[in-house]
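Student: Take this sequence and fold it.
(chains A and B)
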Amino acid sequence: MKPRVAFFDFSGCEGCQLDALNLTPEELFDLIAVVDIVNFREAMTECSEDYDIAFVEGSITRESEIPRLQKIRRQAKVLVALGACACIGGINCLKNHMSMEEALKIVYSKDAKYYDTIPARPLSAVIPVDYYVRGCPPITSELLKMVKALLLGKKPDIPNYPVCVECKMAGNVCVFERAMFCLGPVTRAGCSAICVNSGRHCWGCRGLVDEPNVNSEKEILKKHGLTVEQTLEKFKIYDTYTEAAK
Amino acid sequence: MPKNRVLIVDDEAIVRESIRAWLEGAGYEVATAETGEEALDMIDKKDFSVMVMDLRLPGESGIGVLQRVKAKKPQIKSVIITPYPSAETLAQAKELGVIDYLIKPLVLDDLEKLIIETLDSMAKEPTIKEPKAVPVKPGVVAALKLFTITYEGLKSLVESLMLEMEVVGVKAKQGKYVYDKLSSVSELCLDYDVTVLTPTKYLLPAKETLLKFKTGGAQFESVVESKSRALIGVHPDDINAIALLDEVFMKINPDPNYIARRKNTLIISVDCIHPSPKSFAPSMGTRLAESGFDLLLTDIGTGYVVTIDSQKGTELLNKYAMPKPVTGEEITRQKVVRDEALGRYHIALDVPKERLLKLLYDNYENPYWESRSKTCLNCGSCVMVCPTCFCFDVQDEVALNMKEGERFRRWDGCMLVDFAKVATGENFRHDKASRFRHRIFRKGKYILEKYGMPGCVGCGRCAIACLAEIASPAEAFNAITESSRAKEETIRILREARDQTELYLPRSAHLMKVRNLGAKEKVFDFKFVDGKPLGQRPGQFVEVSIPGIGEAPISVSSSPTRDDVFQLAIRKVGSLTTATDDLKEGAAVGIRGPYGNGFPLEALQGKDLLFLCAGIGLFPLRSLIQYVLDKRDSFGKVNILSGARTPTEMMFTDEQAEWSKRPDVEYLATVDKADANWKGNVGVITTLIPKVKIDPRKTMAVVVGPPVMYRFAIIELKKANLPDENIILSLERRMKCGVGKCGHCQINGVYVCQEGPVFSLAQLRSLREAL
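Tutor: A predicted model of the protein is given here:
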């Protein structure tokens, strides 16, 4: 029997789900030949609560999301966090730098009283997560790689080295040598340095590697002309939930 | 069969004699002449196969001599030496049967090669009297492999190549230079400093498929891909890097993927005129390349001097570039251009590269590795941009249909955190310092030992790529050279402070006190007659001498932190120790030393310590234990594991009892065999190790005991995941002179009395006689 796969979303822009749909027709046929997709709000109306693998998108920003996520965890044999919000809290965590009242007021103004919110957090702050498909948004091929690894029963090959490795492989001129700033040296690779390849810098959307030398990175940012505050701002965008932005 | 006879004609005695010495060594019969007349005279009397002649001779001109030689003995093959080869002279020389020429001043390597070639070509045909057609090479100039071409000539060569194959060249990109496919010859930049990535990426791509497979069985199929490609603009340092890769991938276990690409790659090298400020290629001997390319270009301002190193290169040049014979002036200009470029390098090694092996060997424990690697980002940039790094990872990737897939390799490197991590989770190079050191050791030592050429060509790319600015091997080599020099300087000052006549002269010390420790063991308190302290480090030893009996090495048992008295604990086993056993208080003995390295106090600082001593192993170790307890705040947890065969063989029992009572010391003791009074553990000392909680990252174990105990102690300590660097042993050897001369104490190449007696297990791994 084919494994049953479900997609769920929490707080986020749903771009990760869209990206998951960014398959060629051939890939789509290959995929449904090996798995049954039974729940995918973004793509289909049918839905089933009987599934083996759950891909969960979005971060947790409201109390009511917690029991819902816990229920998914109980049902799923394997739970995979999909995208930066689910994996590391993502940009939703920017609001954690202010009080929740203030955040509600900015977003909902006079209607703020009808809503509740809690500091944003990644899935792993609520339930155990088995695997991570990182990025904002994730690379579709990496999502497929995860599916294949799960089908094969092997540990997916998720790099634990920084973006610099893939950036060098791509033959890029270093972002710092082009008078820009980059979080590549501490950010987990796997994206093939897509942003630098297209002329930009690394924003850090895939989160930090396991042993990031954040202090050294901060020193390098400073050496290239940033103030301490500007340096921390760099990390805040995606790494607020980790120590790096503090 | 008569020997091939060689005649050397040169008015410079040094040239004559050096060629003679070499050729005679190679088994040829050699005669020499100072002038043309003398040479002609000798030719009349004897047969010669080859004549090596300087064209500028006193008296008759070289060309004149050649004419007369040809008239007399046309079978003689000549090699001429000339400072300024003009096309005219060379054409004349060729007419006269000259098969090759060399430029003065002589490059001895070239001369050797040429003479070997010439003689080899005639090895099967010993000197004969009948004239025979001389196998002239395709032109005198071709023999020397040098031409000139114009800039237009190169352009037409590249354009023609672009019709035949993919042409990759150096192009500008965002203010830097990269290797990339050329779409037009105008993109090519040949005067550049250094490229971001190395040309080796076309021989070992970042990712390449090795196998294709089908899932569900064991069906594999090799994939070897390559296409014809020309690499244009490769600097000589990278040519040297490719030579290393050739050695690695083409000699032992030849790698089909590499070989296919290599054979399909045409390389046009270009001399580096404006080197990168981070390059130190001259120090690594890679500034110039003599072979390993098809063509090598030197821009001399009026065009290129081209050196040819392959048949393919010759053909290309003749076909597309309209080569002209090189002139003497052009050769001089080439030399000037290269010399000017040499003046533009900013970084040099403080040691000759030949000394790197020993330098690194001596500096494995240098604190530099730890201190300098603190800012390392583990980003791998240094290894990704390195032309000599070739490590890779192998992975499987299945297609989404789950039926087939590929096994590919991808660049990997020892500076990445998980490089040495195994499936069980253990990481054999888990800290920055050991990764940092490993990389530099590969660059300066390991690769050189394994493949015969250094693992660094000095291109400086790593230094450019490293944001933390710590990656340059030159910086590392120079830093440890400096600390080595500082160390040598200290040793020199210490030595000079002592009168050199004192090397074997003992100083007189008085026995202040004797105390029995066991049936055959006593501890002696000595004090120098001149009142000076011994000045020992814990773990050092002295040579004790008694006139008429002799000398013996005895480890110092007391810490320098105690007082001016030093204690020697001695077991009565040989003649000297039998004599010391009889000594009464007030007696005088001779003392030389202290000698040896002692325990590595710097490496122990701040660490948790695990002392392991069996029997009289406590004698040397006691000095360290005392030292640590006297400076208790400088160290982490202290564990003392003490063992003896029987309770009566326990030494310094009073002191051990004190240790057991200290709240800041964990003390455990055991005996192999208990007696009625023994209340403690029974069993060999290694049975105590599992009782101690060891944090392998911050524990240093110091082990002293009999050799058999070392073997078992190491096994137990390795079970606790303690790295080799953290296991310290003191070895017993026959240290007769104490000053690294007599040779008795040697373990393989190491003098224990100087470099020991204390070693880390990591050091001992390479000393096969040690354990």
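Student: contacts and neighbour counts: CA atoms only from here.
Tutor: Fine.
Student: So which residues of chain A form helices?
Tutor: For chain A, applying DSSP state H gives helices covering A:15-20, A:25-34, A:65-75, A:84-88, A:100-108, A:140-152, A:163-169, A:194-197, A:214-223, A:228-239.
Student: Point out the most buried one among those helices.
Tutor: Among these, helix A:84-88 has the highest mean neighbour count (mean count of other C-alpha atoms under 10 Å in any protein chain shown), at a mean of 31.
Student: For that helix, which helices and strands make contact with it?
Tutor: Counting by 3 or more C-alpha pairs under 8 Å, 6 or more residues apart in numbering or on different chains; DSSP states H and E, the packing neighbours recorded for helix A:84-88 are strand A:53-57, helix A:228-239.
Student: Up against chain B, what does chain A have?
Tutor: A:27, A:30-31, A:33-34, A:144, A:148, A:160-165, A:168-169, A:171-174, A:178, A:185-186, A:211-213, A:215-217, A:220 (C-alpha under 8 Å from any C-alpha of the partner chain).
Student: which residues are contacting the longest helix along chain B?
Tutor: Using DSSP H to define each element, chain B has its longest helix at helix B:473-497. Under the criterion C-alpha atoms under 8 Å, 6 or more residues apart in numbering or on different chains, residues B:280, B:347-351, B:356, B:359-360, B:363, B:366, B:368, B:440, B:443, B:456, B:458 lie in contact with helix B:473-497.
Student: redo that, cut-off 6 Å
Tutor: B:L349, B:D350 (C-alpha atoms under 6 Å, 6 or more residues apart in numbering or on different chains).
Student: Stretch A:193-211 too?
Tutor: Outside stretch A:193-211, the residues that reach it (C-alpha under 6 Å, 6+ apart) are A:134-136, A:160, A:163, A:166-167, A:182-184, A:186-188, A:238.
Student: Quick one: mean pLDDT over that stretch.
Tutor: Here the mean pLDDT over stretch A:193-211 is 94, rounded to a whole number.
Student: before we move on, what about stretch B:365-381?
Tutor: For stretch B:365-381, mean pLDDT rounds to 94.
Student: That one spans what distance, first to last residue?
Tutor: Across stretch B:365-381, the terminal residues are separated by 25 Å (C-alpha to C-alpha, to the nearest Å).
Student: Just the buried positions in it, please.
Tutor: Residues of stretch B:365-381 classed as buried: B:365-366, B:368-370, B:372-381 (neighbour count, 16 or more other C-alpha atoms under 10 Å in any protein chain shown).
Student: now check that stretch, is it near chain A?
Tutor: Yes - Stretch B:365-381 comes into contact with chain A (C-alpha under 6 Å from any C-alpha of the partner chain), by way of B:T375, B:L377, B:C379, B:G380.
Student: what would those residues look like in a markdown table with secondary structure and distance to B:D695?
Tutor: Supplementary listing: the residues of stretch B:365-381 next to chain A in a markdown table, determined by DSSP: H, G, I helix; E, B strand; the rest coil; distance: C-alpha to C-alpha, whole Å:
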| residue | secondary structure | distance to B:D695 |
| --- | --- | --- |
| B:T375 | helix | 24 |
| B:L377 | coil | 25 |
| B:C379 | coil | 27 |
| B:G380 | coil | 28 |
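Student: for those, which one is nearest B:T307?
Tutor: In terms of C-alpha to C-alpha, no member of the residues of stretch B:365-381 next to chain A lies closer to B:T307 than B:G380, at 36.3 Å.
Student: you'd agree that closest one is up against B:V417?
Tutor: No - using C-alpha atoms under 6 Å, B:G380 and B:V417 do not qualify as a contacting pair, with a distance of 9.0 Å.
Student: tell me the domain ranges of chain A?
Tutor: Following automatic domain parsing, one gets these domains for chain A: A:4-152, A:163-245.
Student: Flag every buried residue along stretch B:745-762.
Tutor: Judged by neighbour count using 16+ other C-alpha under 10 Å, the buried positions of stretch B:745-762 are B:745-747, B:751-762.
Student: can you check stretch B:441-453 too?
Tutor: Using 16+ other C-alpha under 10 Å as the burial criterion, the residues of stretch B:441-453 that qualify are B:F441, B:R442, B:K443, B:G444, B:K445, B:Y446, B:I447, B:L448, B:M453.
Student: For the residue nearest to the spatial centre of chain A, give me its contacts.
Tutor: Ranked by distance to the mean C-alpha position of chain A (C-alpha atoms, centre = their mean), the top residue is A:A84 at 1.5 Å. Neighbouring residues of A:A84 by C-alpha under 6 Å, 6+ apart: A:G90, A:R134, A:G135, A:C136.
Student: do the same with B:T580
Tutor: Shown here is B:T580, which makes no contacts under the criterion C-alpha under 6 Å, 6+ apart.
Student: so how far is stretch B:55-65 off the chain centroid?
Tutor: Averaging C-alpha positions (C-alpha atoms, centre = their mean, to the nearest Å) puts stretch B:55-65 48 Å from its chain's average.
Student: Pull the residues that contact stretch A:178-189.
Tutor: The list of residues contacting stretch A:178-189 from outside it, by C-alpha under 6 Å, 6+ apart, reads A:159, A:161-164, A:201-204, A:206-209, A:212, B:379.
Student: Between those, which sits nearest A:Q17?
Tutor: Proximity of those to A:Q17 was ranked by C-alpha to C-alpha; the top entry is A:R206 with 16.3 Å.
Student: number of nearby residues for the residue nearest to B:S642 when sequence neighbours are not counted?
Tutor: Closest residue in space to B:S642, ignoring its immediate chain neighbours: B:A669 at 4.6 Å, by C-alpha to C-alpha, 6 or more residues apart in numbering or on different chains. Here the count is done by other C-alpha atoms under 10 Å in any protein chain shown, and B:A669 has 23 residues near it.
Student: In contact with B:A669, which residues?
Tutor: For B:A669, the residues meeting the contact criterion (C-alpha under 6 Å, 6+ apart) are B:L641, B:S642, B:G643.
Student: So which residue is smack in the middle of chain B?
Tutor: The centre of chain B sits closest to B:K445, judged by C-alpha atoms, centre = their mean, with a distance of 2.7 Å.
Student: most remote residue from chain A's center?
Tutor: Here the centre of chain A is the reference, and by C-alpha atoms, centre = their mean the most remote residue is A:K110, at 31.6 Å.
Student: Point me to the residue of the stretch 601-750 of chain B nearest chain A.
Tutor: Using C-alpha to the nearest C-alpha, the single residue of the stretch 601-750 of chain B nearest to chain A is B:R697, 15.7 Å away.
Student: quick one, strands of the stretch 101-250 of chain B?
Tutor: In the stretch 101-250 of chain B, the segments counted as strands under DSSP state E, counting those that start in this stretch are B:146-149, B:166-173, B:176-181, B:207-214, B:219-222, B:229-234.
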